[in-house]
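Student: Take this sequence and fold it.
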Amino acid sequence: MKTRDFISRLPGFGSLARSLVGVALALALAACSTGNSTPVAGAADASSAIPVETATVSQQSITANYSGTASLEAVGEAQVVAKASGIVLKLLVEEGMYVKRGQLLAQLDDDAASNKLAQATANLRKAQASYDKAEKGFALKITPKADYDSMRYDLEAQKAIVAGAQLDVSYTRILAPIDGVIAKRSVKVGNLVQINQALFDIVDLDRLQAVLNVPERDLDTLKAGQSVVMQVDALGGRSFEGMIARIAPVIDAASGTFRATCEFRDTTRTLKPGMFGRIEVAYDQRHDALVVPRNAITEEDGETSVFVVEPAPATAPAVAGKSAPAKEPAPRFVAKRRVVKLGYAEDDRVEVRDGIHQGERVITLGRNAVRDGTQVQVLADGKAALAATATAQLAGLHR
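Tutor: As a prediction, the model looks like this:
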């Protein structure tokens, strides 16, 4: 009998064969599973990483600014009113015209005032003649002293009446009290005006001011003489330079603010009273500040922080066998939360005075989706900056 037939007839041969076949299949599956373990884990890690964008922490110059809004007011402004009643005979200026101090703006009817002046002048001559006669008589001791004194007082009174009449005549000529632009004309030719009636508004456009209501915490920050820049929306965001003319010595208890008056001199007269502008006061500057984008800053649990992208801790890659060399794993990164201390802020940039270092990368887009230790996938803008760090780590792993 052949050996093969003999073995096949042994008791329990069928169950033994099936057991051996099962063991062989299990070993084969285990070997396959061991060889593919690293790629599967890598795929899982890649799929769970949060995509983020980053920016580099760099040294830059940054300026500390105080920003506020205010409307412009004219420093020099005058309302011209009638000092005498009468009919307007002439109007020599119109709205928008520039006038100089003392320039004739309008002429009122002066007939009544001129008649009073003529009468007062005639009475003055009469009083002068009487006084001269009394003076000679008093010198010759013919005229009593009481009569002499009366004549002298009458002469002085008449001189005052003439001066008043001359003033009334001058009031019929409406003159500009200041240099400026006619902002408003309130009368027409032929109108009868009364004393104290408004005739013109004159505004000096060369000097304008804007008042900022500044919180009291900035009382030591703003000083008289500091330069300011104002952007006016009505002029397409055009900027105008000025300075802080004065700081109010008191703080308003109701609002907790103080007044900072800024003055602007615009020789082109482009600025107009009433225009609304945004004012910035640059009160300090740092030339070597560590700066990050504003959108990298996170406020959480009463702390200010950023997320810094760092290479993930290195692990030795699994080897499938001697026949198939191990593949170099792709760089992996994690987000690390850093509590930071902020300094000045300018536009979309913020100074960080403690907590990070120059050259590190902070998460700008996607920071709300990560936590400390979260694995992240750095998008194209940050991959090049992180490649050197990851390559150095992997090189040390395969030595």
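
Student: Please name the nearest non-neighbouring residue to M230.
Tutor: G277 (4.2 Å; CB to CB, 6 or more residues apart in numbering). C-beta: built from backbone N, CA, C; applies to glycine.

Student: same thing with D372?
Tutor: R337 (4.0 Å).

Student: pretty sure P311 is touching R332, no?
Tutor: Yes. Using CB atoms under 8 Å, P311 is in contact with R332, at 7.1 Å.

Student: For the two, indicate the residue with more neighbours.
Tutor: R332 (20 against 16; other CB atoms under 10 Å).

Student: For the spatially closest residue to the more buried one that is not a sequence neighbour, give me the pLDDT.
Tutor: For R332, ignoring the flanking residues on the chain, the nearest one in space by CB to CB, 6+ apart is A312 at 3.9 Å. Note on A312: pLDDT of 83.

Student: next one: E299
Tutor: So, for E299, pLDDT stands at 89.

Student: Now stretch 343-361: buried residues?
Tutor: G343, Y344, A345, E346, R349, V350, E351, V352, I356, E360, R361 (16 or more other CB atoms under 10 Å).

Student: Identify the residues contacting stretch 297-308?
Tutor: With contacts defined as CB atoms under 8 Å, 6 or more residues apart in numbering, stretch 297-308 is touched by 292, 296, 335-342, 350, 352, 355-356, 360-363, 367-368, 370, 372.

Student: Any stretches of this protein with poor pLDDT?
Tutor: Within the chain, the set of residues satisfying pLDDT under 70 comprises 1-47, 314-331, 380-399.

Student: mind giving me the domain split of it?
Tutor: If you go by automatic domain parsing, the domain ranges for the chain are 47-62+288-397, 65-73+220-286, 110-171.

Student: Between the two ends of the second one, how far is it?
Tutor: What that stands for is domain 65-73+220-286. Separation of the first and last residues of domain 65-73+220-286 by CA to CA, to the nearest Å is 12 Å.

Student: gap between that domain and the chain center?
Tutor: Computed by CA atoms, centre = their mean, to the nearest Å, the chain-centroid distance of domain 65-73+220-286 equals 9 Å.

Student: so D204, which of the three states?
Tutor: strand (DSSP: H, G, I helix; E, B strand; the rest coil).

Student: In the stretch 201-350 of the chain, mark out all the helices, start to finish.
Tutor: Shown for the stretch 201-350 of the chain, no helices are assigned by DSSP state H, counting those that start in this stretch.

Student: For stretch 237-246, list every residue counted as buried.
Tutor: For stretch 237-246, burial by neighbour count (16+ other CB under 10 Å) applies to F240, G242, I244, A245.

Student: buried ones in stretch 131-151?
Tutor: Across stretch 131-151, burial judged by 16+ other CB under 10 Å covers Y131, A134, F138, T143, Y148, M151.

Student: quick one, strands of the stretch 251-399 of the chain?
Tutor: With DSSP state E, counting those that start in this stretch applied, the stretch 251-399 of the chain shows strands at 257-265, 276-293, 298-300, 303-311, 333-339, 341-346, 349-354, 361-365, 375-378, listed in chain order.

Student: same deal with the stretch 1-150 of the chain?
Tutor: Using DSSP E, counting those that start in this stretch, the strands of the stretch 1-150 of the chain run over 50-56, 58-81, 86-91, 98-99, 104-108.

Student: Nearest to F258 among those would be which one?
Tutor: Closest of the strands of the stretch 1-150 of the chain to F258 is strand 58-81, at 11.9 Å (criterion: CB to CB).

Student: Give me the buried positions along that closest one.
Tutor: Buried residues in strand 58-81, counting neighbours by 16+ other CB under 10 Å, are found at I62, T63, A64, N65, Y66, G68, A70, L72, A74, V75, A78, V80.

Student: ok, now stretch 252-268?
Tutor: Across stretch 252-268, burial judged by 16+ other CB under 10 Å covers T257, F258, A260, T261, C262, F264, D266.

Student: So of those, which two are at opposite extremes in space?
Tutor: T257 and D266 (26.6 Å).

Student: Now do the residue nearest in space to the middle of the chain against K341, distance only.
Tutor: Taking CA atoms, centre = their mean, the centroid of the chain lies closest to S67, which sits 3.5 Å from it. S67 is 22 Å from K341, where distance means CB to CB, to the nearest Å.

Student: for G237, same thing?
Tutor: For G237, the distance to K341 - CB to CB - is 34 Å.

Student: Same check on A78?
Tutor: 53 Å.

Student: With F307 instead?
Tutor: On the measure of CB to CB, F307 and K341 end up 16 Å apart.

Student: Of these two, give the one with the bigger neighbour count.
Tutor: Taking other CB under 10 Å, F307 and K341 do not tie; F307 has more neighbours (26 against 11).

Student: Determine the longest helix present in this structure.
Tutor: helix 111-139 (DSSP state H).

Student: Packing partners of that helix?
Tutor: Counting contacts by 3 or more CB pairs under 8 Å, 6 or more residues apart in numbering; DSSP states H and E, helix 111-139 is packed against helix 145-171.
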